[in-house]
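# Can you look at this prediction? I've put the sequence above it.
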Amino acid sequence: MKILVTGSNGLLGQKLTPVLLNDKTITPCFTSRGKTVLPGLDSVFKPMDITDADAVDTVFNAFKPDVVINTAAMTMVDQCETDRDACWLANVTSVENLVSASRAVNAHFIHISTDFIFDGSHGPLDEQAQPRPVNFYGESKLAAETVVMNSGLSWSILRTVLVYGITNDMSRSNIVLWVKDNLEKGKTIKVVNDQWRTPTLAEDLAMGCYLAAKKRAKGVYNISGKDFLSPYDIAIKTADFFGLDKSLITAVDSNTFTQPARRPLKTGFIIDKARKELGYEPHSFIEGIKLLSEQILVQAAK
Ligand SMILES: NC(=O)C1=CN([C@@H]2O[C@H](COP(=O)(O)OP(=O)(O)OC[C@H]3O[C@@H](n4cnc5c(N)ncnc54)[C@H](OP(=O)(O)O)[C@@H]3O)[C@@H](O)[C@H]2O)C=CC1
Ligand SMILES: Cc1cn([C@H]2C[C@H](O)[C@@H](COP(=O)(O)OP(=O)(O)O[C@H]3O[C@@H](C)C(=O)[C@@H](O)[C@H]3O)O2)c(=O)[nH]c1=O
């Protein structure tokens, strides 16, 4: 099975890499902008900017993937709110490019989506929940889902939530590392206690992608963690785990703590469908940060 990955330098992309390399029945092609950030990948890496339709067509026609896993996106939610053209180009126009190239080689298309397509009025949500985005990033990701659903391809849409983990040279941080970093520096942080998520270990999301690819699963699947937590809960559990000073964490609500882009209040996913149909089973949040802490130690020892 030939699998092409987009955004392979990202958090999910870097976690997908060893999973696919470990399965000798898979011939991978990892792609992202510029050079690969992972050592030893040159023979299975191709630079590919997904907003460049010609580049996408050239790589697809040469590799002829059986399955495509599209992890690439503009994921800085606040930047998406202000730079809407760049957001739409990366998150929607690019998906049109990838879908068109996938059609030419009849590939199964796996697209990664988000809880931010929902309005946060209630949660946790199953796959039938009605989308209503409250920020532009969410609008772009919902538009991308529509492109995929109307593509005529065999497709999976995997929705996830608040991904955390650590890799080399990440283009964005995540809540666990942000909390740990600030508390280690003795900085106070204000953290919301009225937003709700099911935070997702990047390794679990990568496994969900792998399971969907192996089965060429058709339809929408929620692939997230299984603990329903507020960012404040996440911060406290992170501080407890790493033995950091919890008094530096102040609980606030979303009226007092605002970001340029609105966040949906209550999301989080029900993952029963992925469990039943894909055999997906995530780590608990505590198991996840334990794994992350072990990786931090390994990185520090290098
Ligand atoms: N992180 C999260 O909390 C969540 C993420 N998701 C979704 O999961 C997917 C993966 O997210 P995650 O790995 O965390 O995000 P990252 O930001 O870590 O990775 C995204 C990758 O996409 C690449 N990319 C962006 N634009 C292009 C382009 N034009 N051409 C090629 N590559 C491009 C980036 O490249 P570069 O490194 O050069 O910037 C980056 O490596 C995304 O689709 C995101 O919307 C959904 C819910 C939660
Ligand atoms: C920076 C910050 C965040 N928060 C809260 C807000 C939010 O609920 C949570 C994470 O905020 P961030 O801005 O770090 O992350 P955010 O941009 O909300 O993360 C989103 O990323 C995109 C890609 C997705 O698809 C979403 O699922 C979601 O994971 O932490 C605070 O309470 N205080 C703070 O100072």
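Received the coordinates, thanks. Numbers count the residues shown, from 1 in each chain. Ligands and ions are numbered 1, 2, ... in the order given.

# how about the helices in the stretch 151-300 of the chain?
In the stretch 151-300 of the chain, the segments counted as helices under DSSP state H, counting those that start in this stretch are 175-184, 202-215, 231-242, 272-278, 285-301.

# Show the model's pLDDT score for whichever residue of the chain sits closest to ligand 1.
Closest to ligand 1 within the chain is Gly10: 2.1 Å, counting by Cβ to the nearest ligand atom. Every C-beta, even on glycine, is put in place using the N, C-alpha and C of the backbone. We have a pLDDT of 96 for Gly10.

# which residues sit in contact with it?
Gly10 makes contact with 32, 71-72, 75, 170-171, according to Cβ atoms under 8 Å, 6 or more residues apart in numbering.

# buried sites along the host helix or strand of Phe30?
Under the criterion of DSSP states H and E, Phe30 resides in strand 27-32. For strand 27-32, burial by neighbour count (16 or more other Cβ atoms under 10 Å) applies to 28-32.

# gap between His108 and Lys35?
As judged by Cβ to Cβ, to the nearest Å, His108 and Lys35 stand 28 Å apart.

# Among those two, which residue is more densely surrounded?
Set His108 next to Lys35 and count neighbours by other Cβ atoms under 10 Å: His108 wins out with 22 against 11.

# Spit out the contact partners of the residue in the stretch 201-302 of the chain that ligand 2 sits nearest to.
Per Cβ to the nearest ligand atom, Pro231 is where the stretch 201-302 of the chain lies closest to ligand 2, at 3.8 Å. Pro231 makes contacts with 175, 191-193, 195, 197, as judged by Cβ under 8 Å, 6+ apart.

# In those residues, find the pair that's most separated.
The largest distance within those, taken as Cβ to Cβ, falls between Ile175 and Asn193 and amounts to 13.6 Å.

# What parts of the stretch 151-300 of the chain come near ligand 1?
With Cβ under 6 Å from any ligand atom as the criterion, the stretch 151-300 of the chain comes near ligand 1 at residues 160-163, 170-172.

# make it 8 Å
159-164, 170-172, 174, 200, 202, 205 (Cβ under 8 Å from any ligand atom).

# okay, the residues you listed in a markdown table with pLDDT, distance to Glu96 and neighbour count next?
Putting these into a markdown table (pLDDT from 0 to 100; distance: Cβ to Cβ, whole Å; neighbours: other Cβ atoms under 10 Å) gives the following:
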| residue | pLDDT | distance to Glu96 | neighbour count |
| --- | --- | --- | --- |
| Arg159 | 99 | 20 | 28 |
| Thr160 | 99 | 22 | 25 |
| Val161 | 98 | 25 | 23 |
| Leu162 | 98 | 27 | 22 |
| Val163 | 98 | 24 | 25 |
| Tyr164 | 98 | 30 | 24 |
| Met170 | 72 | 27 | 16 |
| Ser171 | 75 | 23 | 15 |
| Arg172 | 82 | 24 | 12 |
| Asn174 | 94 | 28 | 18 |
| Thr200 | 98 | 27 | 30 |
| Ala202 | 98 | 27 | 25 |
| Leu205 | 98 | 24 | 27 |
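
# Those in strands, which ones?
159-160, 163-164, 200 (DSSP state E).

# of all these, which two lie farthest apart?
Largest pairwise distance in these, by Cβ to Cβ, is 16.4 Å, between Arg159 and Tyr164.

# Give me the below-cutoff pLDDT ranges for the stretch 1-150 of the chain.
Within the stretch 1-150 of the chain, no range satisfies pLDDT under 70.

# now the helices for it?
Along the stretch 1-150 of the chain, the stretches classed as helices by DSSP H, counting those that start in this stretch are 11-21, 53-63, 77-82, 84-88, 94-105, 136-149.
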